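A.B. asks: Here is a sequence together with a model predicted from it:
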Amino acid sequence: MLKIHDHPASTYARRVRIAIIEKNIPHEFVLVDMAARKHRDPDYLALNPYGRVPTLVEDGFVLYESTAILNYLEATRPQPALVPADPRLRALVDMHMKLCDLQMARQAGVIIFPRRFLPAERWDEKAMAQAKQEIEKHLAILDRQLATKEYLVADRYTLAEVCYTPFLHYLPLMEITPPPAVAAWSARVLGRPSAQATLPPN
Ligand SMILES: N[C@@H](CCC(=O)N[C@@H](CS)C(=O)NCC(=O)O)C(=O)O
């Protein structure tokens with residue numbers, strides 16, 4: 001049985017939960033109680049030395065990094081497909097997955113983590129403002145790409161949208177007003193049953 005070590009508040013683990021629902025994959029979630037610092041336990045560090053969620057375990061095979069997990073699930077359970085078959089379109093999905101991590105997820109973490117989990121006096125307002133600016137710049141690029149289409153690649157929902165969904169969810173918390181095409185795209189992906197079924201606790 002496929003096991004995912006997970007926490008319901010995790011943005012990165014939510015990507016995997018969404019893919020599991022979209023692909024209807026039998027699975028078992030193993031809760032890593034991060035509030036109790038279980039992600040720092042030697043047992044968990046033996047699985048994932050970075051002490052992060054998500055981590056996948058299947059028949060003794062261990063994999064971490066959410067994008068690697070998404071690609072593994074796609075390769076081992078190709079139907080229903082969350083990537084196009086055409087190699088160029090598939091490469092574009094990979095490009096968008098990477099850009100999501102580099103241009104949005106990293107910066108979003110700088111804002112989301114303190115706003116969700118730390119008292120305001122511990123916020124690094126300067127770093128948060130800079131992260132916000134970088135995200136806005138990235139969203140302006142996405143807006144131009146989405147101006148004439150509903151999804152990033154091949155005009156269909158792919159792993160690129162799976163990667164973005166947990167971070168689009170926090171645009172209001174980050175006090176970012178998305179430009180129009182991004183706003184429409186965001187509403188589209190956040191409205192999917194897989195997104196609705198994986199809403200975080202805060
Ligand atoms: N690049 C990793 C990021 C995973 C990540 O940072 N997970 C957070 C929860 S959203 C975590 O486990 N943080 C605990 C820590 O870094 O100590 C991925 O894509 O899976």
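C.D. replies: It's in. These numbers were taken from a predicted model, which means no experiment stands behind them.
A.B. asks: For the chain, which segments count as helices?
C.D. replies: Assigned by DSSP state H, the chain shows helices spanning 11-22, 42-47, 66-76, 87-99, 106-117, 125-146, 159-168, 180-190, 193-196.
A.B. asks: tell me the most buried of these?
C.D. replies: With neighbours defined as mean count of other CB atoms under 10 Å, the helices of the chain peak in mean count at helix 159-168, which reaches a mean of 25. C-beta: built from backbone N, CA, C; applies to glycine.
A.B. asks: From the chain's centroid, how far away is that helix?
C.D. replies: 5 Å (CA atoms, centre = their mean, to the nearest Å).
A.B. asks: Just list what that helix packs against, helices and strands only.
C.D. replies: Other elements packing on helix 159-168 under the criterion 3 or more CB pairs under 8 Å, 6 or more residues apart in numbering; DSSP states H and E are helix 11-22, helix 66-76, helix 87-99, helix 180-190.
A.B. asks: Now do the third one: everything it contacts.
C.D. replies: So the one you mean is helix 87-99. With contacts defined as CB atoms under 8 Å, 6 or more residues apart in numbering, helix 87-99 is touched by T67, L70, V83, P84, H138, L152, V153, A154, T158, L159, A160, C163.
A.B. asks: Quick one: residues contacting the fourth one.
C.D. replies: Which is P84. Neighbours of P84 in contact, by CB under 8 Å, 6+ apart: R90, V93, V153, A154, R156, T158.
A.B. asks: returning to that earlier point: and the helices and strands packed on helix 159-168 as a markdown table, adding mean pLDDT and distance to E134?
C.D. replies: Shown next, in a markdown table, are the helices and strands packed on helix 159-168 (pLDDT from 0 to 100; distance: least, CB to CB, whole Å):
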| stretch | mean pLDDT | distance to E134 |
| --- | --- | --- |
| helix 11-22 | 98 | 17 |
| helix 66-76 | 98 | 20 |
| helix 87-99 | 98 | 12 |
| helix 180-190 | 98 | 15 |
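A.B. asks: and E175, how many neighbours?
C.D. replies: Neighbour count of E175, defined by other CB atoms under 10 Å: 10.
A.B. asks: so it touches K132, yeah?
C.D. replies: Yes: using CB atoms under 8 Å, E175 is in contact with K132, at 7.3 Å.
A.B. asks: What residue in this structure is the furthest from its centre?
C.D. replies: Relative to the C-alpha centroid of the chain, counting by CA atoms, centre = their mean, E121 is the outermost residue, at 27.7 Å.
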